[in-house]
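Visitor: Here's a sequence, model it:
(4 chains)
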Number of protein chains: 2
Amino acid sequence: MVYSQIVDTTNTTKAPRSEGPRERLLRAADELTYREGMHVGVDAILTAADVARRSLYQHFGGKDGLVTEMLAKTSERTEQLYADALAAGGDDPRERLRSLFAVLEKIPDAPGYRGCPFVNADLTLADPAHPAHDVIRAHKRRLRALLEGELRAAGHPDPAMAGVQLQLLIDGAAAVAASRPDERPAAAARPLVELVISQATPAG
Amino acid sequence: MVYSQIVDTTNTTKAPRSEGPRERLLRAADELTYREGMHVGVDAILTAADVARRSLYQHFGGKDGLVTEMLAKTSERTEQLYADALAAGGDDPRERLRSLFAVLEKIPDAPGYRGCPFVNADLTLADPAHPAHDVIRAHKRRLRALLEGELRAAGHPDPAMAGVQLQLLIDGAAAVAASRPDERPAAAARPLVELVISQATPAG
DNA sequence: CTATAGATAGACCGAGTGGTCTATAGTCAA
DNA sequence: TTGACTATAGACCACTCGGTCTATCTATAG
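Guide: Predicted coordinates for the structure are as follows:
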């Protein structure tokens, strides 16, 4: 039984025809899978992308290929965002991390926020052999390595564990923010993040 | 496309016939929805429960009713587990919390661990009006209230925020443990948990 | 011009979905 | 025994899903 109408084809913003079918499909898959979940139908994606059914299978081989490649693209964009945020913090690794988390803190406040798209996809895709799982795991590992690198540069005594701690705070805050945003988990996470960062005493 | 065979009706353990159909359905739904995800078919649940189709609709009105009631039961069991773990810690609220987290830490090590069943269900059930969402949110709020109560009793300066912090560490560790257990997030979370607890200075 | 490749439109398919229905068997109280 | 209730077995239905297929259109290269 469906309790609410999820797909509203009326208000669906069609991708500009200037892009090719491939780009339009990736964009539509990104929007729809995040908003409605990974179980949106192929038809809904095709309608939103304003693309012929055949083009999807020509370019991506199927729905799984499309969402996997879409997640890979999202991964690239996300990591670029992180790199930029770190760079904005200057040279001190602790300041770079603070700059990163200042950016991360704002993300859940965006309208339509539904949690980390990678965690959501990972938990939603029931089949453990779905190729997207590898993409997701690789992305999370790169993010952890990024954090670990900064912590090591900052002189943290246990950068590997601290990297997991920061990762865990990010994913935990995202999960809580998605279902109970009124608890303001990002604000609650801040002091813990600061603690982990400040444990990295420079040249200690 | 299915990359791996998920449902293995051969090895499915049938519930003992001593219980009534209602209990068998709840038990089968619990096992299957956690192992295979919330999208297991009604047929698979019926087969595992060894129950007639009609009994499901007689007792629960449909699949949604079944999984909602199953989550409510799981919520009860979980909260009882937490209450027992707290009680095992004695009278000092900080020791009670340490006792609780000692129990929580071991959970991801269990074979077949797939993350928090409530978070998973929350993310998997695409329809935001599904009745299970209310059950899940209520469960998480009770858990947070439980943590907050202990923190308040321990004299924590900001028990509300600290409660969110502990909740966030739990959910974050569960999410990471589900997809990258080798990172041992529970162990990484421990020092942060201890920090939050130790901030509650008795009668400070 | 034609030839080729890419895109569109949409019918179509098999499989699987949740849910309804009829018929039958067992169980326990009056 | 009868009657009411519950459970079982399984056919059946409308619908949705991802995916394939044919036919047509369009744009660009030669």
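
Visitor: Next one: the longest helix belonging to chain A, is it in contact with chain B?
Guide: The longest helix of chain A (DSSP state H) is helix A:63-88. Yes: if you take CB under 8 Å from any CB of the partner chain as the test, helix A:63-88 does meet chain B, through A:Asp64. Yep, even glycine has a C-beta here, placed from its N, CA and C like the rest.

Visitor: if you look at that helix, does any of it touch DNA strand C?
Guide: No: Helix A:63-88 lies out of reach of DNA strand C by CB under 7 Å from any atom of the strand, never closer than 12.2 Å.

Visitor: Could you chop chain A up by domain?
Guide: As recorded under automatic domain parsing, the domains making up chain A are A:1-61, A:71-198.

Visitor: and the closest residue to chain B within chain A, what element?
Guide: Taking CB to the nearest CB as the measure, the point where chain A comes nearest chain B is A:Gly172, at 2.3 Å. For A:Gly172, the element it lies in under DSSP states H and E is helix A:159-179.

Visitor: what about that helix, average pLDDT?
Guide: Confidence for helix A:159-179, expressed as mean pLDDT, is 97.

Visitor: One more: stretch A:137-150?
Guide: On average, stretch A:137-150 scores 98.

Visitor: about what we covered before: the residue of chain A closest to chain B is in contact with A:Leu192, isn't it?
Guide: No: assessed by CB atoms under 8 Å, A:Gly172 is found out of contact with A:Leu192, at 9.7 Å.

Visitor: list the residues that contact both of these two?
Guide: B:Leu169 (CB atoms under 8 Å, 6 or more residues apart in numbering or on different chains).

Visitor: Show me which of those two is the more surrounded one.
Guide: A:Gly172 (29 against 22; other CB atoms under 10 Å in any protein chain shown).

Visitor: Would you check how far apart the more buried one and A:Ala178 are?
Guide: 11 Å (CB to CB, to the nearest Å).

Visitor: cool, and A:Pro157?
Guide: 33 Å.

Visitor: Tell me which of the two has more neighbours.
Guide: A:Ala178 (19 against 11).

Visitor: Just give the closest residue to that one, not the sequence neighbours.
Guide: A:Gly115 (3.2 Å; CB to CB, 6 or more residues apart in numbering or on different chains).

Visitor: coming back round to it: against which helices or strands is the helix holding A:Gly172 packed?
Guide: helix A:117-124, helix A:132-153, helix A:185-198, helix B:117-124, helix B:132-153, helix B:159-179, helix B:185-198 (3 or more CB pairs under 8 Å, 6 or more residues apart in numbering or on different chains; DSSP states H and E).

Visitor: Please work out which of the ones you listed is packed deepest.
Guide: helix B:159-179 (a mean of 25; mean count of other CB atoms under 10 Å in any protein chain shown).

Visitor: so where is chain A shaky, pLDDT-wise?
Guide: A:1-18, A:202-204 (pLDDT under 70).

Visitor: Contact residues of it facing DNA strand D?
Guide: A:39-44, A:53-54, A:57, A:62-64.

Visitor: hang on, the earlier thing: out of the helices and strands packed on helix A:159-179, which gets nearest to B:Leu32?
Guide: Closest of these to B:Leu32 is helix B:117-124, at 11.7 Å (criterion: CB to CB).

Visitor: End to end on stretch A:173-193, go ahead and measure it.
Guide: 11 Å (CA to CA, to the nearest Å).

Visitor: now stretch A:39-57
Guide: Stretch A:39-57: ends 18 Å apart by CA to CA.

Visitor: thinking again about what came up before, which residues touch the residue of chain A closest to chain B?
Guide: A:185, A:189, B:167-173, B:175.

Visitor: Quick check: closest non-adjacent residue to it.
Guide: B:Gly172 (2.3 Å).
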